[in-house]
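[1] Sequence and predicted model, in that order:
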Amino acid sequence: MYPILFKIGPLAVYSYGAMLALALVTCSFLLQRQAKKQGINPELIFDFVFWVAVFGILGSRIFFILLNLSYFSDNLLEMIMIHHGGLAWQGGLILGSLVGFLFIKKKRMPLWQTVDLIVPYIALGQAIGRIGCFLNGCCHGKQAGWGIFFPVHDSFLQPTQLYSSASLFVIFFILKYFQNKKLKPGMIFILYLIFASTQRFFIQFLRADYDPIFLNLGIFQIVNICIIFLAAYGYLYSKYQR
């Protein structure tokens, strides 16, 4: 693994941060091109992606800290050591969605058209970000003799980061496919919630931080189930609404 890609004097370039930056730049560029095709002002896209990304990461970090409060209460400085890993997607979804909604309203952009335009690239950004997790050695899976050797953990582990990255790339292409279909507004967003939550639900069984609390399910899986049911309800309601 390569937690530090390279150093320039005393400055270290961390792989985790580099992949997050790559995800931001890549998704912003592709989104601007797609927005222009759909008649949405591309100049607003970069600002939108920036603020959603910042607050999405912040929300993910806050949620992770809250779920591991006993550890962080004894290690206060670790709260800001984001390059060590530790982001909970569900927290980012909540805060990022809220900020995105406020931005869309403030700029008077078409709500669901904009949301459906953006969500495939959220999956793409997550897929790229998970590669950063792999290089950093965080968010890894359980021990497995056939797994990948992680020097930072001195053990062979299941590369759950790569499982997540691969499944999110697939989700990105599936959502892009549905973008070309005549679906009702908001349906792409609903499909993203279902697909992203489902992949996280199953991969969580393989992760080293899998800690069952109820019916052999962890807290992340319980949250994912709630998201899936809410999204499924929204899908059915939208589909059969006249």
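    That came through fine. Numbers count the residues shown, from 1 in each chain.
[2] only C-alpha atoms for contact and neighbour calcs from this point on.
    OK.
[3] What backbone torsions are found at Asp74?
    phi -100, psi -10 (degrees, to the nearest 10).
[4] what's near enough to touch the spatially closest residue to Ile190 that is not a sequence neighbour?
    Nearest residue to Ile190 in three dimensions, chain neighbours excluded: Ala231, at 5.4 Å (Cα to Cα, 6 or more residues apart in numbering). Residues near Ala231 by Cα atoms under 8 Å, 6 or more residues apart in numbering: 190-191, 193-194.
[5] nearest to Cys133, of the residues you listed?
    Leu193 (21.4 Å; Cα to Cα).
[6] And for Ile62, nearest residue in space, chain neighbours not counted?
    Closest to Ile62 by Cα to Cα, 6+ apart is Gly91, at 7.1 Å.
[7] Looks like that neighbour contacts Leu66 (just checking).
    No - Gly91 lies out of contact with Leu66 (Cα atoms under 8 Å); the separation is 10.0 Å.
[8] quick check, the residue nearest to Ile190 in a helix?
    Yes - with DSSP: H, G, I helix; E, B strand; the rest coil as the criterion, Ala231 is assigned to a helix.
[9] sorry, back to before: since we're on the residue nearest to Ile62, how many residues are nearby?
    Using other Cα atoms under 10 Å, Gly91 has 20 neighbouring residues.
[10] Give me the pLDDT value at it.
    Per-residue confidence (pLDDT) for Gly91: 82.
[11] Secondary structure element holding it?
    helix 89-106 (DSSP states H and E).
[12] ok, and what's touching that helix?
    Applying Cα under 8 Å, 6+ apart, the set of residues contacting helix 89-106 is 48, 51-64, 110-111, 114, 220, 223-224.
[13] Show me which residues of it are buried.
    89-97, 99-101, 103-104 (16 or more other Cα atoms under 10 Å).
[14] export these to CSV and tack on distance to Lys142?
    As requested, the buried residues of helix 89-106 are exported to CSV (distance: Cα to Cα, whole Å):
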residue, distance to Lys142
Trp89, 20
Gln90, 22
Gly91, 24
Gly92, 24
Leu93, 26
Ile94, 28
Leu95, 30
Gly96, 30
Ser97, 31
Val99, 35
Gly100, 35
Phe101, 37
Phe103, 40
Ile104, 41
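[15] quick check, nearest of those to Ser70?
    Using Cα to Cα, Gly91 is the member of those that lies nearest Ser70, at 18.2 Å.
[16] Which strands and helices lie in contact with the top strand by length along the chain?
    For the chain, the strand with the greatest residue count under DSSP state E is strand 143-150. On a contact count with 3 or more Cα pairs under 8 Å, 6 or more residues apart in numbering; DSSP states H and E, strand 143-150 meets strand 155-157.
[17] which other residues reach the helix or strand just after the strand it packs on?
    Downstream of strand 155-157, the first helix or strand assigned by DSSP H and E is helix 160-179. Residues from elsewhere that reach helix 160-179, judged by Cα under 8 Å, 6+ apart: 116-117, 120-121, 123-124, 126-131, 133-134, 139-141, 188, 191-192, 195-196, 199-200, 203, 206-207.
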